[in-house]
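**Q** give me the fold of what follows.
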Amino acid sequence: MGKIIGIDLGTTNSCVAFVDNGEPKVIPNAEGSRTTPSVVSFSKDGERRVGSVAKRQGVTNPHSTVFAIKRLMGLDFAAEAATKHARVVPYEVVESERGDAWVQIGDEQFSPPEISAMVLEKMREVAESFLGEDVQEAIVTVPAYFNDAQRSATIAAGKIAGLEVRRIINEPTAAALAYGFEEHEGKRVAVYDLGGGTFDISILEISDGVFSVKSTAGDTHLGGEDIDNALVDELGRRFEEQSGINLREDRVALQRLKEQAEKAKHELSSALETEINLPFIASDESGPKHLETAIKRSDLEILVSEIVDRTLGPCQQALDDAGVKREEIDEILLVGGQTRMPMVRSKVSEFFGKDPHKGVNPDEVVAMGAALQGAALTGEVEEVLLLDVTPLSLGVETGGGVFHRLIPRNTTVPTRAKEIFTTSVDNQTFVPIHVLQGERDMAENNKSLAKFELAPILPAPRGVPEVEVTFDIDADGVVNVSAKDLGTGREQNIRVVASSGLTEQEIERIIGEADAYKMTDQKRKELAELRNTAEALLYTSERAVAECRELVAEEIVAQVEADIQSLHVCIDEGDAIAIKDALETLELSAYKIAEAMYGNVDLDTAVEGEAQTDS
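**A** Sure, this is the predicted structure:
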């Protein structure tokens, strides 16, 4: 059985790890970095780039560079989060035919799972290059507060990327697994996970290989991106005060601002002040304009204090749901790159009354935990038991559009719950079952997961029929719902599979397109390598002709020059087969120059000259 890799699919950066001899190890990418930007860019000629090269292109090609796609996973376009997200990125977010939030790049539209799949495929390639073998299976992590639709979208992304997602596990749970894998003493741990786009807080108990999640809370639209955006707004405000120009109307300038804001944020984690210098950021009738200003750490902390404070509400909620007091927490794990910010660490320390644990790398610990879970499935490491919870309540719609909970949030899975309902209209011949997920009291404000009907039932006055509704959630979080008429014994079952925004047919189509695109990419790569080889041979051949023209027969020189010209033409035309043929032809003719040169050398003279040199 091959390796099951662990992938932390992040909003800002992604990370991949595997287990080697029982130890989790992060895999560096081709640039030597242990994390890879979750950025995808599209060039004018249709080439796709992922990672650092895509991020660098974002400054000059912002309209076609996609970042923070995780925030759109499983979201309706009408959702407040999607429209808010669309205002702070330079690329265009549009509404799909089914009302989901998709990305518009030129004339093409891409679903969030498609873009995420490109990032996952990049992480798969990083792993395959390092391990020297094909990788087909992965454990992929998601924010603990992701709902079913968002989890389903992540699984779809894995499928498009050619990966069998063996399990989706929550990021805080993965982090706790990496931290406590060899911990046998019972501990109660709070995992504070503030990443680029999401925030989670989970309370876990770890003891003898059992990782029991007691509660989880969070916000899937709260993270480092919001801090970057606050800084972008401040820089834009300062520039507008100086010049009267609104940079938010210029996508290229907006992307430059965002890149500088992210850089400044990082620098202010270790410095008290940083300089912002963006020359030629805009221009008007009077000429080019430059942005030159300084940002202090105290300035940034004032700007984002409300954002950081928003994380403390879910922290208290998670403690309350777990029935745990702050002082009963033994260890606090900080996860996610944004926890490197001094203000975040200070707020967490102040809230829990103790300093966070410093023994884990916040950028890598989630991927390492996922890798350990994969190794446990293959038997490479000792089996661990993860007792996770459902992050949001599950229930049905009842009369008047009310949401009735059957399984409250933070219930340990697997779990089962049942309840008896009745009809609301006389002589009703069927009962509609509307399955929902969320925390709002009215059904319309929660996420719809499935609808089905129990029919027929015997006509009777309202309130007489008894319909037993059963919810069953397995260890993988798959929801099964059944409805049974206790009078007739008639039963209807449905397996709730949340929509990822893509049908199975669309997923298969995208996989086919991805395979075709991969073949095109491979051909492009082969052509580039062939061109490099050809240009190197042209250089050496042209130099040989120039230096040896007088020492070689004219017909040989003429033949080599003709072959050089032919190879130049083939390179310009871009036909790989023609380049290869012309390359082989020039290699043979250029070899004749060497043969002629060595044939003209008088060996006695050469030896005599060597002896004179030695003396």
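
**Q** for Pro28, which three-state class applies?
**A** Secondary structure, DSSP: H, G, I helix; E, B strand; the rest coil: Pro28 is coil.

**Q** what sits against it?
**A** Counting by Cβ atoms under 8 Å, 6 or more residues apart in numbering, Pro28 makes contact with Arg34, Val126, Phe130. C-beta here means a position set from N, CA and C on the backbone, and glycine is covered the same way.

**Q** check the nearest residue to Glu92 once chain neighbours are set aside and give its pLDDT.
**A** The shortest distance from Glu92 to any non-neighbouring residue, by Cβ to Cβ, 6 or more residues apart in numbering, is to Gln104 (4.1 Å). Gln104 is assigned 92 on the pLDDT scale.

**Q** quick check on Gln104: phi, psi?
**A** phi -100, psi 120 (degrees, to the nearest 10).

**Q** separation between it and Ser111?
**A** 11 Å (Cβ to Cβ, to the nearest Å).

**Q** more neighbours: these two, which one.
**A** Ser111 (27 against 15; other Cβ atoms under 10 Å).

**Q** so where is the protein shaky, pLDDT-wise?
**A** 1, 79-88, 183-184, 475-477, 497-504, 513-522, 524-525, 598-615 (pLDDT under 70).

**Q** partners of the closest residue to Leu9 other than its chain neighbours in the sheet?
**A** Nearest non-adjacent residue to Leu9, counting by Cβ to Cβ, 6+ apart: Val140, 5.8 Å away. Note on Val140: beta-bridge partners by DSSP bridges are Ile7, Ile168.

**Q** from Arg124, how far off is Val140?
**A** Distance of Val140 to Arg124, computed by Cβ to Cβ: 11 Å.

**Q** ditto for Arg310
**A** For Arg310 relative to Arg124 (Cβ to Cβ), the value is 34 Å.

**Q** any idea how many residues pack against Phe239?
**A** Neighbour tally, Phe239, other Cβ under 10 Å: 24.

**Q** if I've got this straight, it is in a helix?
**A** Yes. Under three-state DSSP, Phe239 falls within a helix.

**Q** A strand includes Ala562, no?
**A** No. Counting by three-state DSSP, one finds Ala562 to be helix, located in no strand.

**Q** what sits against it?
**A** Ala562 touches nothing, counting by Cβ under 8 Å, 6+ apart.

**Q** that older thread, Val140 and Arg124: which has the busier surroundings?
**A** Taking other Cβ under 10 Å, Val140 and Arg124 do not tie; Val140 has more neighbours (28 against 22).

**Q** was I right to think the residue nearest to Glu92 contacts Ser96?
**A** No. Contact between Gln104 and Ser96 fails when scored by Cβ atoms under 8 Å: they sit 10.2 Å apart.

**Q** what residues sit buried inside the longest strand along the chain?
**A** In the chain, with assignment by DSSP state E, the single longest strand is strand 273-284. For strand 273-284, burial by neighbour count (16 or more other Cβ atoms under 10 Å) applies to Thr274, Ile276, Leu278, Ile281, Ala282.

**Q** count of residues packed around Asn480?
**A** For Asn480, using other Cβ under 10 Å, the count is 14.

**Q** excluding its backbone neighbours, what's nearest it?
**A** Asp472 (4.4 Å).

**Q** direction included, what does the host helix or strand of that neighbour pair up with?
**A** Counting by DSSP states H and E, the element that carries Asp472 is strand 467-473. Strand 467-473 pairs in its sheet with strand 415-421 (antiparallel), strand 479-485 (antiparallel), by DSSP bridges.

**Q** possible to save those strands as CSV with distance to Ser346?
**A** Output for these, formatted as CSV (distance: least, Cβ to Cβ, whole Å):
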stretch, distance to Ser346
strand 415-421, 38
strand 479-485, 40
